[in-house]
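K.L.:
Okay, predicted coordinates and the sequence, questions at the end:
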2 protein chains.
Amino acid sequence: MNKAVLLLSGGLDSATTFAIAKEQGFAVYALSIDYGQRHRVELERATQIAHRLGAVEYRTVKLDLRCLGGSALTDDISVPKGRTADEMDHGIPVTYVPARNTLLLGLALAFAESIGAFDIFFGANVLDYSGYPDCRPEFLEAFERLANLATKAGVEGTGRFRVHAPLLKLTKAEIIREGTRLGVDYSMTLSCYDPDQLGQPCGQCDSCQLRKKGFAEAGLADPAQIAES
Amino acid sequence: MNKAVLLLSGGLDSATTFAIAKEQGFAVYALSIDYGQRHRVELERATQIAHRLGAVEYRTVKLDLRCLGGSALTDDISVPKGRTADEMDHGIPVTYVPARNTLLLGLALAFAESIGAFDIFFGANVLDYSGYPDCRPEFLEAFERLANLATKAGVEGTGRFRVHAPLLKLTKAEIIREGTRLGVDYSMTLSCYDPDQLGQPCGQCDSCQLRKKGFAEAGLADPAQIAES
């Protein structure tokens, strides 16, 4: 079985990506990043998902981005609530974290190289991407190119790094249908940017709204919402 | 004055790069990364250099790479000592840290974006690079390309990120001559991969050997070595 590194956030997309990597026959080494996010309960969910979906190894790396500033996800800027679909489609929101995906993929690359893996799975998504520049296909291609220049494995030609983003062009509804087919238990996942301390989603941030819309379009009930309704 | 982010390690190269950025008229925002390196006294030197050379701001980001493993600089693998120039010229040494420069530049990019800077100074060097893949010009070009795809600023077209590596093609002797011309006090700098707790260099690792050779070729005395001799 080939090893793959999976970036695991605790959200719906990365849990689905985990199931896809497993279906493709990879032994999954999951990696979460504790980057000082406000929604820290996310990391507890990631741990649950790693165990339930059967990660060969699960590691968490601490990277304190708060000291660099610049985002509502790490600073004391308010997370925007109740934005319309049109507002979400325009511009980059304050929840953008400067260079975040470059750093997440960089850490995944470091982990991959240290365990001899060449495949990195990442739940990036371009349609529901809420304006983040580092979720676009051209970004992922540029990172893959970089990975093969940046590493010992790339230079010695022992393998070629590949960034797999199987959700890249799927709608949230398509992601949910695919995960459901693969048996992902979405009650474990948390999508909210601003949950309370018990992990209850706010229901109003961009991420909550996209999730709600996705389940509605997929014609499925969100198992994480049952307690709420 | 344009702002620039400088990656500052406490070594000779990044101190020289600092002086070059200042000479080019940049307001320097220095950034050090505490990545769990064994040679932690390096970070104390970085702080001294930031103050002495007049950083507008100086920040240290913690990023614990030890949990990812794979390098003599962060693990309990021995730092190689007394290698010949020929041995250093071949292959990638165990002091290589997987994806390190991708991560360092990623953090510099995050800092740059959050303060509105577009220039990143990095003391990478290809001639004395001791076989590290992520010190090569093609790596730096690929990173610059990535930076302009990865960021809000890149997408919105408010500026273009540039990675400056002014030492890239200089020999260690040329670097030392340039820094000496610019008034860099090399007694503050530490190059050793395995110093003692007082910050005394081992004199035998690749980095110590390259430094010694550099000062000899430049026809200058190393002020950091005076205490030793």
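P.N.:
Happy to help now that I have it.
K.L.:
Could I get the contacting residues of the closest residue to residue A:190 other than its chain neighbours?
P.N.:
Excluding its sequence neighbours, the residue lying closest to residue A:190 (C-beta to C-beta, 6 or more residues apart in numbering or on different chains) is residue A:45, at 4.8 Å. For the C-beta atoms, the positions are set from N, CA and C on the backbone; glycine is no exception. Contact analysis of residue A:45 by C-beta atoms under 8 Å, 6 or more residues apart in numbering or on different chains lists A:10, A:11, A:188, A:189, A:190, A:199.
K.L.:
Select from the residues you listed every entry located in strands.
P.N.:
Here DSSP state E is the test, and those give no hits in strands at all.
K.L.:
Most neighbours out of those, which is it?
P.N.:
residue A:190 (29 neighbours; other C-beta atoms under 10 Å in any protein chain shown).
K.L.:
Assess the claim that that one and residue A:10 are in contact.
P.N.:
Yes - under the criterion of C-beta atoms under 8 Å, residue A:190 makes contact with residue A:10 at 5.4 Å.
K.L.:
Find residues that contact each of the two.
P.N.:
A:41, A:42, A:45.
K.L.:
I'd like these written out as a markdown table, with distance to residue A:157 and secondary structure added.
P.N.:
Below are these laid out as a markdown table (distance: C-beta to C-beta, whole Å; DSSP: H, G, I helix; E, B strand; the rest coil):
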| residue | distance to residue A:157 | secondary structure |
| --- | --- | --- |
| A:41 | 43 | helix |
| A:42 | 38 | helix |
| A:45 | 39 | helix |
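K.L.:
and which of these is nearest to residue B:183?
P.N.:
Nearest to residue B:183 out of those is residue A:42 (C-beta to C-beta; 48.7 Å).
K.L.:
pLDDT score assigned to that closest one?
P.N.:
Looking at residue A:42, its pLDDT is 87.
K.L.:
Let me see the contact set for the nearest residue to it once chain neighbours are set aside.
P.N.:
In this structure, residue A:42 finds its nearest non-sequential neighbour in residue A:10, 3.9 Å apart by C-beta to C-beta, 6+ apart. The contact partners of residue A:10, by C-beta under 8 Å, 6+ apart, come to A:32, A:41, A:42, A:43, A:44, A:45, A:46, A:49, A:189, A:190.
K.L.:
Just say helix, strand or coil for the first one.
P.N.:
By that I understand residue A:32. Using DSSP: H, G, I helix; E, B strand; the rest coil, the three-state assignment for residue A:32 comes out as strand.
K.L.:
since we're on it, how many residues are nearby?
P.N.:
Neighbours of residue A:32 using other C-beta under 10 Å come to 24.
K.L.:
just the third one next, same as before
P.N.:
Residue neighbour count, defined by other C-beta under 10 Å, stands at 23 for residue A:42.
K.L.:
Show the contacting residues for it.
P.N.:
The neighbourhood of residue A:42, defined by C-beta under 8 Å, 6+ apart, consists of A:9, A:10, A:11, A:190, A:195.
K.L.:
The third one reaches residue A:190, doesn't it?
P.N.:
Yes - Residue A:11 is within contact range of residue A:190, at 6.4 Å (criterion: C-beta under 8 Å).
K.L.:
OK, contacts around residue A:117?
P.N.:
Counting by C-beta under 8 Å, 6+ apart, the residues that residue A:117 touches are A:2, A:3, A:4, A:5, A:29, A:111.
K.L.:
In terms of helix, strand or coil, where does it fall?
P.N.:
coil.
K.L.:
pLDDT wise, what is the nearest residue to it once chain neighbours are set aside at?
P.N.:
The shortest distance from residue A:117 to any non-neighbouring residue, by C-beta to C-beta, 6+ apart, is to residue A:3 (3.8 Å). Looking at residue A:3, its pLDDT is 97.
K.L.:
Mind listing the residues bridging to residue A:3?
P.N.:
With DSSP bridges as the criterion, residue A:3 is bridged to residue A:27.
K.L.:
How much space separates residue A:16 from chain B?
P.N.:
As for residue A:16, its distance to chain B is 23 Å (criterion: C-beta to the nearest C-beta, to the nearest Å).
K.L.:
mind checking how far the helix or strand encompassing that residue is from the chain centre?
P.N.:
Using DSSP states H and E, residue A:16 sits in helix A:12-23. Offset of helix A:12-23 from its chain centre (C-alpha atoms, centre = their mean, to the nearest Å): 10 Å.
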